[in-house]
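Visitor: what would the 3D arrangement of this be:
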Amino acid sequence: MKPLLIIVTVFCSLLGQAQNGYWQQHVDYKMDVTMDVTTYRYTGTQELIYTNHSPDTLQTVYYHLFNNAFQPGSEMDMRLQHVKDPDSRMVNKIKEGDKEIKQSRIAQLKPDEIGYLNVSNVRQAGALLETTVSGTLLKVPLAVALLPGKSTVLTLNFEGQVPLQIRRSGRNNREGVALSMSQWYPKMAEFDFEGWHVDPYIAREFQGVWGNFDVKITIDKSYILGGTGYLQNGNEIGYNYQDPGVKVSIPKKQKTLTWHFVAPQVHDFTWAADPNYVHDVVQGPNGVALHFLYKNKPEIALTWKAVQPKVVTIMDLFNYWVGPYPYKQYSVIQGGDGGMEYAMCTLILGEGELNGLTGLIAHEMGHSWFQHILATNESKHPWMDEGFTSYIEDRAMNTLSPQPVANPYAGAYKAYINLANSGKEQPLSTHADRYDENRSYSIASYSKGEVFLAQFEYLLGRVAVDKILRRYYQDFKFKHPTPNDIKRTAERVSGAVLDWYLIDFTQTTNTIDYSITSVEEKEGGSVVNLERLGRMPMPIDLQVTYTDGSKENFYIPLRMMHYIKPNPDPELPRKVLTDWAWGNPRYQFRIEKPLANIKSIVIDPAGLMADVKGNNNKFER
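Guide: Residues are numbered from 1 along each chain as shown. Below is the predicted model:
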């Protein structure tokens, strides 16, 4: 799809949203920035057209100044110094006697190593505005209130310094990448039906306003760039961005190049640059150009070449499972610090082995669907972003595996169950910055978030889950979906009632724990006694294996769900029993064969129910 067609399509979609009572703000950025690669400082101008689709009259707007987090004494630095388990990438480990001290790397930054973003000359339609900086936030009272349905033009100048890379954004990282430019510009904060989202940057992830970007970056001509958007002047730049057959000649006296990118309908703009990048271009599904930029090191070149066809396959799988990737380029860039998703690109570590690199790319590229098309608020609902991405990542890696397994989510279940039994779990509704420990945040967001979606397979069946994901994508692409939206989509597709599931699994730490308490012989058959020990209810799949080797499945519907799941294995007989109401913690049913004929009974043989005490789920005679 051509960029202009994307904009028109999305605009029509937004009109439909407005008619249904949904609204979201819109921004158009125009930025011109110059980077000094000797001092790692940059200057720029920004013109922003902000459109107020809300029913509110706005007196004030807010910008994020993320770079300010990378200064000694910042809120990110203080959090790093006081959290029990700081991110190992952000600390230095030093010995003091017999103790190991974790020292904040931010606290050690020198004046020429810190990050900052200073803004000046902020104007609304030419009128100079007074502003207030609070850490990583800029408050801007407007000269003229912005009425519903109206737009205003905001302009400003900015100058920044790229920090020594601590986390995500920065320079000169441990893999030798010169510039990883994420969250580098004054970025308009999100305003939605809940109000302003002005979270300080403490180390978590981001939310942005949908819009269009027109960005010019002037930099030393030896640097090769990759990132968000479509390069408009590839035939002037070269570096494998030029059209086939075009020879690019840059005069020796010319010291810089200006790279011109346009990115339609995204909520972020990121780039990376290094004078020693290799730039490969591979044709992906649906005409998408896949760009790979990595350091010119012989020891990693073969791995980066080998991963490229795998990335093509992974994108094809994501297109099929969720929905077609809507842009015409995606860039995989060695950024040198973990992995992080951005609009149309990712910055990742680049020196791992092939399987690890494949999994890392699968996860970060998966965020192009679950964050950069389905743009949930990562501060409030990180589990929707990280968990859903982990779900499709594990499915993709299992599909690529020479030995695929029946349950590719088993690792996520194990991690969540360990956390649930540790006493350190906090509800998924916890704000990302409010977790007591980083470990609790990570397992909750990645693992329990993945289990939330994987358990849909248990509740509704795999076929229904695939339909749910496609419907969710179709209904909420280029929007900001909430937890209720995925729940309601699942209800619309399946016909099941799922409010109980959303509440118990995301807003509480209630756990699932079912037990086979006894099996008794009675009147020529067998009576099975079950008990719900945890607060959270579930429907129950059971499998009985008889002594002759035959098997029979039983299904106990959950009354409050008002739904009967299709038989997941039509070749195996299944008996649907009377539903189980939550108010009664005990349940009993009859098997027509005597106890002597029963070898074993198992709750949830597929392992798709997150029962936190699995040792009481099996009876063996």
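Visitor: and stretch 325-341, average pLDDT?
Guide: For stretch 325-341, mean pLDDT is 94.
Visitor: for it, what is the distance to the chain centroid?
Guide: Per Cα atoms, centre = their mean, to the nearest Å, the displacement of stretch 325-341 from the mean C-alpha position of its chain is 13 Å.
Visitor: figure out how far stretch 157-172 is from the centre of its chain.
Guide: 23 Å.
Visitor: ok, stretch 561-569 next?
Guide: So, by Cα atoms, centre = their mean, the centroid of stretch 561-569 is 30 Å from its chain's centroid.
Visitor: contacting residues around that stretch?
Guide: 459-464, 494-498, 500-501, 539, 541, 553, 555, 557, 574, 576, 606 (Cβ atoms under 8 Å, 6 or more residues apart in numbering). Heads up, the C-betas are built off the backbone N, CA and C, glycines and all.
Visitor: from the contact counts, what lies against the one helix or strand residue 214 maps to?
Guide: Element membership for residue 214 (DSSP states H and E) is strand 211-220. Counting contacts by 3 or more Cβ pairs under 8 Å, 6 or more residues apart in numbering; DSSP states H and E, strand 211-220 is packed against strand 26-36, strand 256-266.
Visitor: remind me, longest helix of this protein?
Guide: helix 298-321 (DSSP state H).
Visitor: list the buried ones in it?
Guide: Residues of helix 298-321 classed as buried under the neighbour-count rule (16 or more other Cβ atoms under 10 Å) are 300, 303-304, 307-308, 310-311, 313-319, 321.
Visitor: before we move on, what about stretch 335-350?
Guide: Neighbour-count burial for stretch 335-350 flags 335-337, 339-350 (criterion: 16+ other Cβ under 10 Å).
Visitor: so which of the contacts of stretch 561-569 belong to strands?
Guide: Counting by DSSP state E, the contacts of stretch 561-569 place 541, 553, 555, 574, 576 in strands.
Visitor: mind listing residues that contact stretch 477-490?
Guide: Outside stretch 477-490, the residues within contact range by Cβ under 8 Å, 6+ apart are 10, 13-14, 17, 22, 24, 190, 192, 207, 210, 265, 323, 326, 373-377, 381, 384, 456, 460, 464, 468, 471-472, 475-476, 496, 498-499, 501-502, 506.
Visitor: now find how far off-centre stretch 275-284 is within its chain.
Guide: For stretch 275-284, the distance to the chain centre is 25 Å (Cα atoms, centre = their mean).
Visitor: those strands in the stretch 151-300 of the chain, which residues are they?
Guide: Here the stretch 151-300 of the chain has its strands, by DSSP state E, counting those that start in this stretch, at 151-161, 170-171, 179-181, 187-188, 190-192, 195-197, 211-220, 224-227, 230-231, 256-266, 271-274, 277-283, 289-295.
Visitor: using PDB, write out every CA atom in stretch 404-414.
Guide: C-alpha atoms of stretch 404-414 as PDB (Å, rounded to 0.1, in the frame of the first residue of the first chain):
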ATOM      1  CA  PRO A 404       7.800 -28.600  17.300                       C
ATOM      2  CA  VAL A 405       6.100 -29.300  20.600                       C
ATOM      3  CA  ALA A 406       2.400 -29.600  21.500                       C
ATOM      4  CA  ASN A 407       2.500 -26.700  24.000                       C
ATOM      5  CA  PRO A 408       4.900 -23.900  22.900                       C
ATOM      6  CA  TYR A 409       3.800 -21.800  25.800                       C
ATOM      7  CA  ALA A 410       5.000 -24.200  28.600                       C
ATOM      8  CA  GLY A 411       7.900 -21.900  29.600                       C
ATOM      9  CA  ALA A 412       5.500 -19.000  30.100                       C
ATOM     10  CA  TYR A 413       3.200 -21.100  32.200                       C
ATOM     11  CA  LYS A 414       6.100 -22.300  34.400                       C
END
